[in-house]
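Participant: Sequence plus predicted model, see below.
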Amino acid sequence: MTHCHFYDPNNDPPYDKVNSNHRKVIYYNTYVDSTDDSEGHGTHVSSTTSGKSYLDYGDFSTYNGNAYNAKLAFFDIGDTTTKSLSTPSDINAHLLQTLYNVGARVLSNSWGSASASEAGKYTTDSRAVDSFMKNFPDALVLFAAGNDGEDGAGTVSSPATNKNGVCVGASMSTTDSFRAVSTPDVTSKYYSENFMAGFSSQGPTLDGRLKPDVAAPGWFINAAKAVAGAEDGHCEVQNMKGTSMATPTVAGNAILIKEYFQNGWYPTGKPVLSNSFIPSGALLKAILIQSGTNMDFVTYDNNGVYQESTGGYPSNIQGYGRIQLHKVLNFGQSSTNPISLFVRGSADTSSPYYAQISTLSEVDTYTFHTSSSSTQPTIRITLAYTDDLSSVGASITLINDLYLTVTEGSTSKTYSAYLPNDVDINNVEVVDITSPLSDTTYTVTVRARVLSSVQSYALVITGDVTEAKWNVTSTSDSTSLSNSISSSMRSTIIALGIVIIVFGALLGVITYQLRRAQYRIEETYDADEDIANDMQSHHSRQTRGSTHRSNGRSRNQDNLNDIEHRELTEHELQMISARG
């Protein structure tokens, strides 16, 4: 709490109470204690998600987090003395809901089971995550995949084996990230952001589900360093690696996606508050997956450096790939590479953006038309939904099975989702049309193979699309798509990354409070509204993480894709600060 990313000279730390006046941390649950260990795992990952230096000049803001205007809440599950982890027996009721009750809506967890026997299994904790998301549809829970990828397939740890949340793997960072640490052959092409990190745990789960869901940089990440006895407001940073470091990057991006919809940027690409709606956790997950980019290779660091294939796309090494939000979010300004965005997936059942399948006979139909341009970018369609609860240890955990079909024009040509044999397994489907025809109508249908109850869902469509219409049985609704993304945003909205490191102590639960002040307008949110959370701790068994103290201003993967503050409109939406 003394680091400049969290320190408030005017307010004491809010231990076991809510203080919305604190400039950064509104809640700190001292479940185990109120300190971080010497490795500073909790401090580091919280900084990555939404840390912001109270000294806003010079280099002090260089390492601000992805969603740096978000507020934080912490739930401390790490014992700094024993280096052990202690979680409530019911993480749904006593951890996730505790944070939700103080406003948390994006919950990022850089911890997992230390038991190798639980790898890949659908455990009590996995089910608890699914239960929480089913009961609180406006929330999204993220978990780090784990750091046992060098042991091969089936190494994702619980609770990252849940169905409804997001399991995060770690990709490499830019070559510059490695120059601040002692790493062999850092000039090798294998040390680049286009490769997965070999330590990142791999799927599938025991019932065959794809894991991880997405990836983000996690080798190395430069963020806040915990220093025992340091003076108030100190700003030291350190490099760390692991899926713990990748997870808060994805969480920070999820916060920004949530902000995008709640401030009315959709569908026009400009902030119109009357267009605001509350996105479901399923929609946040679908947007993240929609933004995923294929990485062809994985880099290992085991007795030397070598690389091998990630096994195709998507795969149980990279999931749907490295997130890049510039591929999805539309800011309504002219560009040489226009992107159109169409979504369904409100958490509010009364919203026009809410979608559900009620019966096996229901067919939801979406039609969209491509532009007349002779060069068409890939059209991607993603379906995601928060499934009903399964039994712990079930051989098949999927309860409701929704699926996508896509047809082209008046022909009989049909496009299928990735993983064509994926029946009764995953609650995500993705279709890519890599060479779409110009001036052509495509039809997307959503229906159910198996349905035990009414199932809400999220749908995302991107491409050079001029119009989309929605038909549900006899009811129709039309939404026009804005055509472009700002060229100033095109370099990317992806952020930094985080990983599971050995000695995670402080379970930082990052709480997000949406700030309309970010747009420099007068409206404000309630103090307890739209808060995100980032929980982090550690695996008690040995992990493959490492820590390096950074002396001075070394560049790292936080600078991936040249992200920095950008003025997007007259409201100056500063989406991400991730400069290394």
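Facilitator: Cool, got the structure. Residues are numbered from 1 along each chain as shown.
Participant: hey, where'd the helices end up in the protein?
Facilitator: Assigned by DSSP state H, the helices in the chain fall at 41-50, 91, 97-101, 124-135, 243-262, 281-290.
Participant: Of all these, which one is nearest S20?
Facilitator: helix 97-101 (13.7 Å; Cβ to Cβ). (Each C-beta comes from the backbone N, C-alpha and C, glycine too.)
Participant: any idea which of the helices of the chain is most buried?
Facilitator: Looking across those with neighbours counted as mean count of other Cβ atoms under 10 Å, the highest average goes to helix 41-50: a mean of 36.
Participant: just how off-centre is that helix within its chain?
Facilitator: In terms of Cα atoms, centre = their mean, to the nearest Å, the centre of helix 41-50 is set 15 Å apart from its chain centre.
Participant: What's the separation between the one residue sitting closest to the centre of the chain and A215?
Facilitator: Residue closest to the average C-alpha location in the chain (Cα atoms, centre = their mean): V250, at 3.1 Å. Separation of V250 from A215 (Cβ to Cβ, to the nearest Å): 8 Å.
Participant: returning to that earlier point: from what I see, the residue nearest to the centre of the chain and I323 are in contact.
Facilitator: Yes. Counting by Cβ atoms under 8 Å, I323 is a contact partner of V250 at 6.1 Å.
Participant: Identify the contacts common to those two.
Facilitator: Counting by Cβ atoms under 8 Å, 6 or more residues apart in numbering, the shared contacts of V250 and I323 are 214, 216, 288.
Participant: Bridged to the second one, which residues?
Facilitator: So the one you mean is A216. A170 (DSSP bridges).
Participant: if we can go back for a sec, among the helices of the chain, show the one with the smallest mean pLDDT.
Facilitator: If you rank the helices of the chain by mean pLDDT, helix 41-50 sits at the bottom with a mean of 94.
Participant: Any buried residues in the lengthiest strand in the chain, and which?
Facilitator: Longest strand in the chain, counting residues (DSSP state E): strand 441-450. For strand 441-450, burial by neighbour count (16 or more other Cβ atoms under 10 Å) applies to 442-444, 446-448.
Participant: swap in stretch 142-153?
Facilitator: Under 16+ other Cβ under 10 Å, the buried positions of stretch 142-153 are 142-149.
Participant: Out of those, which comes closest to G332?
Facilitator: Using Cβ to Cβ, the buried residues of stretch 142-153 come closest to G332 at L142, 28.5 Å.
Participant: from the chain's centre, how far out does stretch 122-134 sit?
Facilitator: 18 Å.
Participant: Run a quick neighbour tally on D56.
Facilitator: 10 (other Cβ atoms under 10 Å).
Participant: and what of S410?
Facilitator: Neighbour tally, S410, other Cβ under 10 Å: 8.
Participant: Contacts only, for it.
Facilitator: Neighbours of S410 in contact, by Cβ under 8 Å, 6+ apart: none.
Participant: and it, how far is that from F342?
Facilitator: S410 is 21 Å from F342, by Cβ to Cβ.
Participant: again with W470
Facilitator: In terms of Cβ to Cβ, W470 sits 9 Å off from F342.
Participant: And those two? Which one has more around it.
Facilitator: F342 (24 against 21).
Participant: Specify the beta-bridge partners of that one.
Facilitator: I461.
Participant: Against D387, how distant is it?
Facilitator: Relative to D387, and taking Cβ to Cβ, F342 is found at 23 Å.
Participant: what does R380 give?
Facilitator: Counting by Cβ to Cβ - R380 and D387 are separated by 22 Å.
Participant: Equivalent analysis for L360, please.
Facilitator: 16 Å.
Participant: and the two? which has more neighbours close in?
Facilitator: Between L360 and D387, counted using other Cβ under 10 Å, D387 has the larger neighbour count: 24 against 11.
Participant: What sits closest to the more buried one if chain neighbours are left out?
Facilitator: Nearest non-adjacent residue to D387, counting by Cβ to Cβ, 6 or more residues apart in numbering: N427, 4.6 Å away.
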